[in-house]
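Asker: Turn this into a structure:
(one chain, ligands or ions: 2)
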Amino acid sequence: MPSLRWVSWILIAHLFVLTFVRSDSSSYSNKPEEIPKKFLQFAKEPELFDWMVGIRRKIHENPELGYEEFETSKVIRTELDKLGISYKYPVASTGVIGFVGSGQPPFVAIRADMDALPLQELVEWEHKSKVPGKMHACGHDAHVAMVLGAAKILQKHSEELKGTVVLVFQPAEEGGGGAMKIIEAGVLDNVNAIFGLHIVHNIPHGEVAARSGPMLAGSGFFEAVISGKGGHAAIPQHSIDPILAASNVIVSLQHLVSREADPLDSQVVTVAKFQGGGAFNVIPDSVTIGGTFRAFLKDSMIQLKQRIKEVITGQAIVHRCNATVDFLENDKPIFPPTVNDKELHEHFQNVAGDMLGIDKVKEMQPVMGSEDFSFYQEMIPGYFFFLGMENETSGHLDSVHSPYFRINEDALPYGAALHASLATRYLIELQSKVTSPEQKQHDEL
Ligand SMILES: [Zn+2]
Ligand SMILES: [Zn+2]
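Answerer: Numbers count the residues shown, from 1 in each chain. Ligands and ions are numbered 1, 2, ... in the order given. All right, here's what the predicted structure looks like:
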C-alpha cells in the first residue's frame, strides 16, 4: 500500500508539472491583452469570414419564428458536427447548447438568438427571405453566424481555454421568452458568466456600446376586453357604450406614469391596440384594447401590472361595463430589465478596448427596448452590448424590425471575435484570480 501511495504522488506531481509547463508555454496566457486583436484578425480571414457570411445568408433565406427554428437549429448542429464540437439538443424545443474547451469548470457562456419575425421582407437582394411573411429583421441570423464564428475560433484555440465555453443557441427571443426556457432546462446551472450582443444600425462599424447596470427596460403586454351592451347609435340610453368606457380607460392608464411613478424612475404605458365597432350607427357590444408596459425596476414592473388591471376593471365599472384583463404571460412572458454586471462591464471595456481601441467602446444611455437576455442575468452575472455596423459601404441602414432592415456583413468578424475574446479572457482571469497568491493565502487561513 505505501508504495502505491508513492506512485500516486509521483503521478500527481507529474501531472502538475505537465499542466504548469503547458499553461506556461501558452502564448495567450502570457499575453492575454493580445488575444482580442489576434482573434479579430483570424475572424477577418476569408476562410472564416466567407463561412460566416454563407451561414448567415442561408439562415436569412429560410427564416423561422420562435420555437419553430428546426432548420436553423439543423444548420447549427451540422456546423458544430463538422467542427467536432459536442452539444446538447433539443433544449427548449429547438435550442442547441455546445461545449468548447476542457469540458471541465469553470464555464462561461456566449449566446445567440435564432428566431425571425412575422414580417414580409421588402429588401430586393439575392438572398431575400424565401418564406412569405417571415423575415430575419432583427439580425438574429447574424447573431447565429457570429457565435458559430466564435466557436470556430475557440475550437482552434481550445487547448488554450482554461475551462469550457458554453455556446447557447436559443429559440424565441421575440416575445417567446426562449431564454427563460433555456434556464428552466438547467443547462446553464454551473455557468459563471454569460455574454450576449445585438447588432444595431445606428452605431458606426467597429464600435460597441453598453453600460453598467440597467440598460434595457423590463417589458410586459396586456390585452383587455371591455364589454357593454350594443345597440342603435341614435338611442344610447338603451345601450352600455364600451367605446366610451375604453376611451376613459386609456386616458386613466396614462396617469399611472404621470401621477403614480417616481419621475426619476423611467416607465412607459402605451395602448397600441383599439378594436371595436364596425359601423357609423351601431354601438358595439365590446371593445378590445392592448398595449405594453415598461420599467427599469422589477418592483415598478410589478406595481404597473397590478395598477393596469385595477384601472381597466375600475374604469369599466364606472361606465357600467365589465372588463377582463389578460397579461398573455404564457405566450409573452414578462421580461425583467436587462441589468449589466459591474465587474463584467470592466471586463468588457478591457477586452473590447484591446480589440477596437478604447475610443470605440462607447457608454450608452439606457433605452426602453427590452431583451430576453435579462432572464439569464437574473440567474447568472451577465453582460449585453450593442455592436455597430454603419459605414460608407453599408449606406443608410434601417432599424431592426423594419421590412427594409439590412445587415452590414463586415460586422460578423467583430461579433465572432468579441464573443471568443470575452469568453477566453474571462476564463484566464478567473484562473489567475483563483491561483493568485493573495487568494491562496486567504484559502489557507
Ligand atoms: Zn427584435
Ligand atoms: Zn433582436
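
Asker: make it CA atoms for all contacts and neighbour counts henceforth
Answerer: Will do.

Asker: center of the chain, which residue is that?
Answerer: Central residue of the chain (Cα atoms, centre = their mean): residue 373, 3.6 Å from the mean position.

Asker: what about the closest residue in space to that one that isn't next to it in sequence, how many neighbours?
Answerer: Take residue 373 and drop its neighbours on the chain: the residue closest to it by Cα to Cα, 6 or more residues apart in numbering is residue 179, 6.4 Å away. Residue 179 has 26 neighbours, counted by other Cα atoms under 10 Å.

Asker: Residue 199 too?
Answerer: Here the number of neighbours of residue 199 (other Cα under 10 Å) works out to 24.

Asker: what about the longest strand in the protein?
Answerer: Counting by DSSP state E, the longest strand found in the chain is strand 191-204.

Asker: who are the neighbours of the following helix or strand past it, in terms of helices and strands?
Answerer: Next helix or strand after strand 191-204 toward the C-terminus (DSSP states H and E): strand 208-210. Helices and strands touching strand 208-210, by 3 or more Cα pairs under 8 Å, 6 or more residues apart in numbering; DSSP states H and E, are strand 361-363, strand 382-390.

Asker: mind checking which of these is nearest residue 119?
Answerer: In terms of Cα to Cα, the element of those nearest to residue 119 is strand 382-390, at 22.0 Å.

Asker: Can you check what angle separates the closest one from strand 191-204?
Answerer: 20 degrees (axes from the mean of the first three to the mean of the last three Cα atoms, to 10 degrees).

Asker: From the chain's centre, how far out is strand 382-390? Work that out for me.
Answerer: Remark: strand 382-390 is offset 10 Å from the chain centroid, using Cα atoms, centre = their mean, to the nearest Å.

Asker: Could you name the helices and strands sitting against the one helix or strand residue 293 maps to?
Answerer: Using DSSP H and E, the element containing residue 293 is strand 286-295. Applying 3+ Cα pairs under 8 Å, 6+ apart, we find strand 286-295 packed against strand 218-227, helix 242-255, strand 267-275, helix 298-318.

Asker: so which of these gets nearest residue 325?
Answerer: strand 218-227 (4.4 Å).

Asker: how big is the angle separating that closest one from helix 242-255?
Answerer: Using the same axes, to 10 degrees: strand 218-227 against helix 242-255 is 150 degrees.

Asker: thought residue 412 was touching residue 142?
Answerer: Yes. Taking Cα atoms under 8 Å as the definition, residue 412 is a contact partner of residue 142 at 6.8 Å.

Asker: Which residues are in contact with each of these two?
Answerer: Counting by Cα atoms under 8 Å, 6 or more residues apart in numbering, no residue touches both residue 412 and residue 142.

Asker: Skipping its backbone neighbours, what lies nearest residue 394 in space?
Answerer: residue 408 is the one closest to residue 394 (Cα to Cα, 6+ apart), at 5.8 Å.

Asker: give the contact list for that neighbour.
Answerer: 389-390, 394.

Asker: Among those residues, pick out the one closest to residue 88, please.
Answerer: Nearest to residue 88 among the contacts of residue 408, with distances taken as Cα to Cα, is residue 389, at 31.9 Å.

Asker: what about the closest one, distance to residue 320?
Answerer: Remark: distance between residue 389 and residue 320 (Cα to Cα, to the nearest Å) = 54 Å.

Asker: same check, this time on residue 67
Answerer: Where residue 320 is concerned, residue 67 sits at a distance of 41 Å (Cα to Cα).

Asker: Which residue of the two possesses the greater neighbour count?
Answerer: Neighbour count, other Cα under 10 Å: between residue 67 and residue 320, residue 67 has more, with 19 against 15.

Asker: As PDB, could you dump the C-alpha coordinates of stretch 358-374?
Answerer: Taking C-alpha atoms only, stretch 358-374 is exported to PDB below (Å, rounded to 0.1, in the frame of the first residue of the first chain):
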ATOM      1  CA  ILE A 358     -10.900  52.300 -26.000                       C
ATOM      2  CA  ASP A 359     -12.300  55.300 -28.000                       C
ATOM      3  CA  LYS A 360     -14.500  52.800 -29.900                       C
ATOM      4  CA  VAL A 361     -16.100  51.500 -26.700                       C
ATOM      5  CA  LYS A 362     -19.000  53.800 -26.000                       C
ATOM      6  CA  GLU A 363     -21.100  54.400 -22.900                       C
ATOM      7  CA  MET A 364     -24.700  54.200 -23.900                       C
ATOM      8  CA  GLN A 365     -27.800  55.700 -22.300                       C
ATOM      9  CA  PRO A 366     -30.500  53.300 -21.100                       C
ATOM     10  CA  VAL A 367     -33.300  52.700 -23.600                       C
ATOM     11  CA  MET A 368     -36.900  51.400 -23.100                       C
ATOM     12  CA  GLY A 369     -36.500  48.500 -25.500                       C
ATOM     13  CA  SER A 370     -36.200  45.100 -24.000                       C
ATOM     14  CA  GLU A 371     -34.300  41.800 -24.400                       C
ATOM     15  CA  ASP A 372     -34.900  38.300 -23.100                       C
ATOM     16  CA  PHE A 373     -31.200  38.100 -22.300                       C
ATOM     17  CA  SER A 374     -32.400  39.600 -19.000                       C
END
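
Asker: No more questions from me, cheers.
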